[in-house]
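In: Just to be clear, the model below is a prediction. Sequence and coordinates:
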Amino acid sequence: MTDREMPGPRPLLRRPEDGELIDVAGVAHLFRLTGEHTGGRFAFEEFTLAAGVIGARPHVHHGHDEYFYVLDGELTLHHGDGEVTAGPGHLLAALRGTPHGFRNAGAVPARALCLYTPAGYEGYFREVHAAVAAGAEVTDELLAEFRARHRTTSL
């Protein structure tokens, strides 16, 4: 049987330029896969964080898990009991219910991968981006409002 004769779904190939770019408060989120691609199973992004930028203040997800894998530079990761600096190859699993956050305390940009399971939190970034594009100021209150819509609590 050839590939053309195989029944069922086909793999999805995403090229390096494929994805949805959402710039939120100095973080360039490139969603390579969203819930629309995966039937809601997971979302996958590559993000770039400029030097000295806070990616996310400490928060807790109640409806999904989030995994960070550092590719370049360093991220300072809040993990509930304090912070740790993570460089290339480090992985942080922020399972639902665990406090976490991240920032780039270094002098060079950091680049990392982030996986969300199940998908859906990409909607949070879309909402924040749309609000900022419409003239809203990014405040802790605004972020808390949008996070609450996605079963997330700011700390």
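Out: Thanks, I have the structure now. Because the structure is predicted, anything quoted here is derived from the model rather than measured.
In: Could you tell me which ranges of this structure sit under the pLDDT cut-off?
Out: In the prediction, the chain carries residues with pLDDT under 70 at positions 1-6.
In: all helices of it, in order?
Out: 35-38, 122-133, 140-148 (DSSP state H).
In: Dump the ones you listed into CSV; add mean neighbour count and distance to residue 14 as well.
Out: In short, each C-beta sits where N, CA and C put it, glycine included. Listed next are the helices of the chain as CSV, based on neighbours: other CB atoms under 10 Å; distance: least, CB to CB, whole Å:
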stretch, mean neighbour count, distance to residue 14
helix 35-38, 16, 8
helix 122-133, 17, 14
helix 140-148, 15, 26
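In: Return the residues in contact with the residue nearest the centre of the chain.
Out: Among the residues of the chain, the one closest to the centroid is residue 114, at 5.0 Å (CA atoms, centre = their mean). Contacts for residue 114 were tallied using CB atoms under 8 Å, 6 or more residues apart in numbering; they are 44, 45, 46, 47, 66, 67, 68, 69.
In: quick one: the strands in the chain?
Out: Assigned by DSSP state E, the chain shows strands spanning 20-24, 27-33, 43-49, 54-61, 65-72, 75-78, 83-86, 91-94, 100-103, 110-117, 152-154.
In: Please point out which parts of the fifth one sit buried.
Out: Which is strand 65-72. Buried residues in strand 65-72, defined by neighbour count with 16 or more other CB atoms under 10 Å: 65, 66, 67, 68, 69, 70.
In: what does the third one give?
Out: Within strand 43-49, the residues that count as buried by 16+ other CB under 10 Å are 43, 44, 45, 46, 47, 48, 49.
In: Can you tell me which of these is closest to residue 17?
Out: Residue 17 lies nearest to residue 46 out of the buried residues of strand 43-49, by CB to CB, at 11.9 Å.
In: Please produce TSV containing the helices of the chain, extended by distance to residue 28.
Out: Output for the helices of the chain, formatted as TSV (distance: least, CB to CB, whole Å):
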stretch	distance to residue 28
helix 35-38	20
helix 122-133	11
helix 140-148	18
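In: Tell me which of those sits nearest to residue 18.
Out: Each of these was checked against residue 18 via CB to CB, and the shortest separation belongs to helix 35-38, namely 10.0 Å.
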